[in-house]
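Undergrad: next one to model:
(2 chains)
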Amino acid sequence: MRSLGQSKKIRDNIDGWLFVLPAFLFLFSFMIYPIAHTFLLSFQKFNFVYDSNPVFIGLSNYVKVLKTPLFITALKNTLRFTLWYIPSVFILGFMIGYVITLPNFVGSRISKIVLFIPMVIPLSMSAYMFLFMVNPQWGLLNSFLADTLHMPMLVRDWMNDTRYALKIILVVTIWQNIGFVALMFMSGIQGISSSILEAATIDGASAYRKMWSVILPNLKETFQIVGILTIVTSVKLFSQVVTMTGALGPNSAGGPANSTLTLYVATWKSAFVNYDMGIGSAMGYLMSLIIFLLFGINFFVTKSERA
Amino acid sequence: MKTKRSFWHYAGEILILLLLLIFLIPLIQTFFTALKPDQEIYKTPINIIPHTYTSAHYRHVFTKLSKDFLSFFRNSVVVTSSSVVLILGLGSLAAFSLARIDFTGKTVVVFFVSLILSVPLIITVIPIFMMETAMGIKNSNLGLILPYTAVYLPVPLFIMFNNFLQVPTELEESAYIDGAGRYQIFLKIFIPLIKGGLVAAGIISFINCWGEFLYALILNTKRSATTLPIGIMMINDEEQAWALGPMSAVMILSIIIPMSLYMIFQKNFIKGLMEGSVKG
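TA: Reported below is the predicted structural model:
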């Protein structure tokens, strides 16, 4: 019996790896190996155009990056975006998810269909749709403000104004992702067993009380997942910025006056506009570090809510 | 059984419909701009719905822009469909193994697959760029298909994994007793049983690859290999002013395929989104 079990185990191991192998080879060559190589590059001086061979220089790239004012600007913009994006998406997504799952809400099917439409549109295309709407001369937004609301003082050159450019990009990003976040809340709310909610109703709990004592505490896992999703989306902010601000070539991306320069865009610029692979790699790793730090905060916050 | 609906109930529903309409304005505006004559596009106040309709912008896309647009479109179709086929093929094999075969080292595979979902992809692009320059496959469809297959593998893999887990063990066992090999069992028993999951995984991969931006931006510097998400930037640069009409037409044409797939397989898409993310 033992030998039979043994041989089955060997078979399982061979088959298991054979089935995984093709996918694993792809992941290894195009994900795992590159991630390791970039780590190495972040300690090397290597300009793709000028240097023939990379030279090991220790932590110099990291020191240099942290001293660059542009990196600090990018970090500030990314954190600013994160601080706007996360609360708005949480609140909107929860509200939409709550309304759609209300038992007597008739429009839930059509709402779902409509909310997911932006997810299907390539990000660069949605970015152009919004870019045209905020066009200073022929855009719908200015026309609405001036001609419909008769408030011409609100008219702006939105994407050329350092106060508004990043906020317009925020709107595009929310538009694109809100369906997915709402879906997460929908499935979270549906996961709360109806008997708990019924018991609360029988006990005479008010809607307000039900929200705070039954629904929200039962959504911890959803909060955690949505937290991870929104952190990733906000730190990886890239295509919208390049599409909406890069019309004059790669150097204008992140403008006006670096007000929309995010970490991702800064990394892309150093690696693929200046071709400084060492600096680009160091920035990429710093960005990953920030993502994992935010994951940690997210984990801590959602965990402490358990109390 | 029917409860009486109050006035406020109807009012609330109309409000929701109105909100949904506002939500869709960017798309509606683009759709109608593509059909508006220039005199109406460049005139304030702007009417969303045109007074007169024209096909001039679509004709412009298929005459003056046709060389660029059709090549971008062809590249998108080739790159996306090849990547989807590879993702489904490799992904289903791997998902089957992870869900159904007990082997050592499983956790390592799962760890790497999950890692890819959280790491910013730009740290993979730098070596891929150098690698593809050395291999001479930059500016080619293959140069995008290879990384896309790797990057967009995890979510479809998790979707198929979840579907494989739900298949009852009895089916598998009786097939083993009949002397069927593992590959046969995978192909003849499991694949037909997870059709819904395959469709979901396929659509999600299609939409991801069709809209991919970062790799397409960096690995293609020539127009001949460019896909639509980057191509639209090139068209915009070239057309400069007076381009709102043709640009809108290009955008509508570029989203027709993913949009129709979504409309047809909407249920699978939503189900897939949930299965793929909760696991990841």
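Undergrad: got a list of what the residue in the stretch 51-200 of chain B that chain A sits nearest to touches?
TA: Residue nearest to chain A within the stretch 51-200 of chain B: residue B:103 (2.8 Å; CB to the nearest CB). For every residue, glycine as well, the C-beta is placed using N, CA and C. Residues in contact with residue B:103 (CB atoms under 8 Å, 6 or more residues apart in numbering or on different chains) are A:12-13, A:15-17, B:97.
Undergrad: kindly recompute the last result at 6 Å.
TA: A:12-13, A:16 (CB atoms under 6 Å, 6 or more residues apart in numbering or on different chains).
Undergrad: mind listing which of those residues are in helices?
TA: Among the contacts of residue B:103, the members found in helices (DSSP state H) are A:12-13, A:16.
Undergrad: what does the stretch 201-307 of chain A put close to chain B?
TA: Selection of the stretch 201-307 of chain A residues close to chain B by CB under 6 Å from any CB of the partner chain yields A:236, A:239, A:267, A:271-272, A:277, A:280-281, A:284, A:287-288.
Undergrad: could you redo the last one with a cut-off of 8 Å?
TA: Applying CB under 8 Å from any CB of the partner chain, we find that the stretch 201-307 of chain A lies next to chain B at A:225, A:228-229, A:232, A:235-236, A:238-239, A:242-243, A:246-247, A:264, A:267-268, A:271-272, A:277, A:280-281, A:284-285, A:287-288, A:291-292, A:295.
Undergrad: helix/strand/coil for the residue of the stretch 51-200 of chain B closest to chain A?
TA: Secondary structure for residue B:103, judged by DSSP: H, G, I helix; E, B strand; the rest coil, is coil.
Undergrad: buried ones only from the contacts of residue B:103, please, as a PyMOL command.
TA: Selection command for PyMOL covering only the buried members of the contacts of residue B:103, criterion 16 or more other CB atoms under 10 Å in any protein chain shown:
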select buried, chain A and resi 12+16
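Undergrad: out of the contacts of residue B:103, which is nearest to residue B:121?
TA: Nearest to residue B:121 among these is residue A:16, at 28.3 Å by CB to CB.
Undergrad: quick one: the closest one and residue B:97 touch, right?
TA: Yes - with contact defined as CB atoms under 8 Å, residue A:16 reaches residue B:97; the gap is 5.0 Å.
Undergrad: mind listing the strands for the chain?
TA: Assuming you mean chain A. Along chain A, counting by DSSP state E, strands occupy A:44-45, A:55-56.
Undergrad: what's the closest non-adjacent residue to the residue nearest the centre of chain A?
TA: By CA atoms, centre = their mean, chain A has its centre lying nearest to residue A:233, at 0.1 Å. Distances taken as CB to CB, 6 or more residues apart in numbering or on different chains place residue A:177 nearest to residue A:233, at 5.9 Å, with adjacent residues excluded.
Undergrad: so the one you found is in contact with residue A:90, correct?
TA: No - assessed by CB under 8 Å, residue A:177 is found out of contact with residue A:90, at 11.7 Å.
Undergrad: which neighbours do those two share?
TA: With CB under 8 Å, 6+ apart as the test, residue A:177 and residue A:90 both reach residue A:230.
Undergrad: higher neighbour count, the two?
TA: Between residue A:177 and residue A:90, residue A:177 has the larger neighbour count (other CB atoms under 10 Å in any protein chain shown), namely 20 against 16.
Undergrad: re earlier: tabulate the contacts of residue B:103 (CSV), appending distance to chain B.
TA: Formatted as CSV, the contacts of residue B:103 follow (distance: CB to the nearest CB, whole Å):
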residue, distance to chain B
A:12, 5
A:13, 5
A:16, 3
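Undergrad: so among the contacts of residue B:103, where is pLDDT lowest?
TA: In terms of pLDDT, residue A:12 ranks lowest among the contacts of residue B:103, with 85.
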